[in-house]
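Asker: Structure for the following, please:
(chains A and B)
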Amino acid sequence: MTVLASTLVPLQAVAFALVALGAPLVVLTRDPLRQALVNGIYGVSLVCLFVVLEAPDPALSMLVVSAIAYPLVIVAAIARVRAQERKRNDE
Amino acid sequence: MSRRVRIAVLVPALAGLGALFAWAVAGLPAFGDYRGPYGYVLNRIVVPLRHTTNVVMGTTFDVRGVDTMGEEFILYAAVVGVTLLLRDEVSTRRVERHTRRLRSDATRLVGVLMVGGGLLVGLWLAAFGYVTPGGGFQGGVVLAGALLLLYVVGSHRDYRVFRDEHFLDPLEGLGAGGYVMVGLAALASGTPFLTNLFGLGTTGTLASGGSIAVLNWASALAVTVAMLLLFAEFLKTYETPLEQDDPGS
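Answerer: Model prediction:
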């Protein structure tokens, strides 16, 4: 087990770097729709981090939440707000 | 508030937060340096005492079973909250809308395959949760996600049953209430609440863990249905403006 843990250290470093790079990318994306997409990819990098930190259970939850559940809620909210804006512009 | 005042408020606040944050980080144990005794204790006792090879599940559904019950009801309360918040808009609304099918056959094919694959993975995660990584919560979220893909790639008609409250509400009650019933069954048989009642079975097989298996399936059902109820509310909210925009589509 210790051998496995030590071989994981470079992978952990890469995964931490990806997460550190991804977080500002999400914040710096201005368009909400694109931000939802970038956030999904950022979620996958978090999944990789959980896997190499030997935490498969949260990795599984994160996978579905970041890839399906959270984007759905965001995209639904964006669609709603944009439709309201369009309606207001028409009136 | 003018820009200068706002900056004057922001800078000391940021400096204070930064100082506290740096202090907190400096006091953290080194990376990978686990100090608490509980993890070591659990790693030692859960497999011999509960026969579940996934120590996490042995912990959440047995050693700390009451906490997990609370967690399940937090999710339940969250879904009830969302439903109540969106309710007044929903009541006056026509629920069903004409199907707008995806144009690309390739996208639909991949999507439909993902529905099947997702359901299989979800059931596997839920069923083997106490043997390998996974569990009722993870499996439940995967199952609900796979069903939601049916809405995206299939027709709204295919998905209709998975947003029907009359179908979902009893199942949610069964999942959330089932957990409590297992706990009460232990109480009725003269042991403390949520005591493991059934035979512990063979370590590393599906027939292991006793009550953990039942609690696991109860929470898998509760989580799946809670997610579907949540999706149903959001889908209702999502579809209304489209109806007003293009009633003929």
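
Asker: Pull up the gap between B:Tyr38 and chain A, please.
Answerer: Distance check for B:Tyr38 against chain A: by C-beta to the nearest C-beta, to the nearest Å, it reads 16 Å. All C-beta atoms are positioned from the backbone trio N, CA, C, and that covers glycine.

Asker: Mind giving me the packing neighbours of the helix or strand encompassing that residue?
Answerer: Under the criterion of DSSP states H and E, B:Tyr38 resides in helix B:37-50. Under the contact criterion of 3 or more C-beta pairs under 8 Å, 6 or more residues apart in numbering or on different chains; DSSP states H and E, the helices and strands touching helix B:37-50 comprise helix B:55-58.

Asker: roughly how far is the helix holding B:Tyr38 from the heart of the chain?
Answerer: A distance of 25 Å separates the C-alpha centroid of helix B:37-50 from that of its chain, computed with C-alpha atoms, centre = their mean, to the nearest Å.

Asker: Go ahead and flag the most central residue of chain A.
Answerer: The residue lying closest to the centre of chain A (C-alpha atoms, centre = their mean) is A:Gly43, at 2.3 Å.

Asker: Just say helix, strand or coil for that residue.
Answerer: When states are read from DSSP: H, G, I helix; E, B strand; the rest coil, the local structure at A:Gly43 comes out as helix.

Asker: my read: it touches A:Ile68, true?
Answerer: No: contact criterion C-beta atoms under 8 Å: A:Gly43 and A:Ile68 do not qualify, at 10.0 Å.

Asker: residue contacts, the residue nearest to the centre of chain A?
Answerer: Listed by C-beta atoms under 8 Å, 6 or more residues apart in numbering or on different chains, the contact set of A:Gly43 reads A:Met62, A:Leu63, A:Val65, A:Ser66, A:Ala67, A:Tyr70.

Asker: Now do it against A:Ser66, distance only.
Answerer: To A:Ser66, A:Gly43 is 2 Å away according to C-beta to C-beta, to the nearest Å.

Asker: And for B:Gly134?
Answerer: Counting by C-beta to C-beta, the separation of B:Gly134 from A:Ser66 is 17 Å.

Asker: quick one: which of the two has more around it?
Answerer: When B:Gly134 is set against A:Ser66 and neighbours are counted by other C-beta atoms under 10 Å in any protein chain shown, the residue ahead is B:Gly134, at 27 against 19.

Asker: Quick check: closest non-adjacent residue to that one.
Answerer: With C-beta to C-beta, 6 or more residues apart in numbering or on different chains as the criterion, B:Gly134 has its nearest non-adjacent residue at 3.6 Å, and that residue is B:Leu125.

Asker: tally of neighbours for A:Leu25?
Answerer: Here the number of neighbours of A:Leu25 (other C-beta under 10 Å) works out to 14.

Asker: out of the contacts of A:Gly43, who's nearest chain B?
Answerer: Nearest to chain B, judged by C-beta to the nearest C-beta, of those is A:Val65 at 6.5 Å.

Asker: List the residue ranges of chain A that fall below the pLDDT cut-off.
Answerer: Low-confidence regions of chain A, defined here as pLDDT under 70, cover residues A:1-5.

Asker: Can you tell me the SS state at B:Tyr34?
Answerer: Per three-state DSSP, the secondary structure class of B:Tyr34 is coil.

Asker: Now the longest helix along chain B: buried residues?
Answerer: Of all segments of type helix in chain B, defined using DSSP state H, the longest is helix B:211-245. Of all the residues in helix B:211-245, those buried under the rule 16 or more other C-beta atoms under 10 Å in any protein chain shown are B:211-242.
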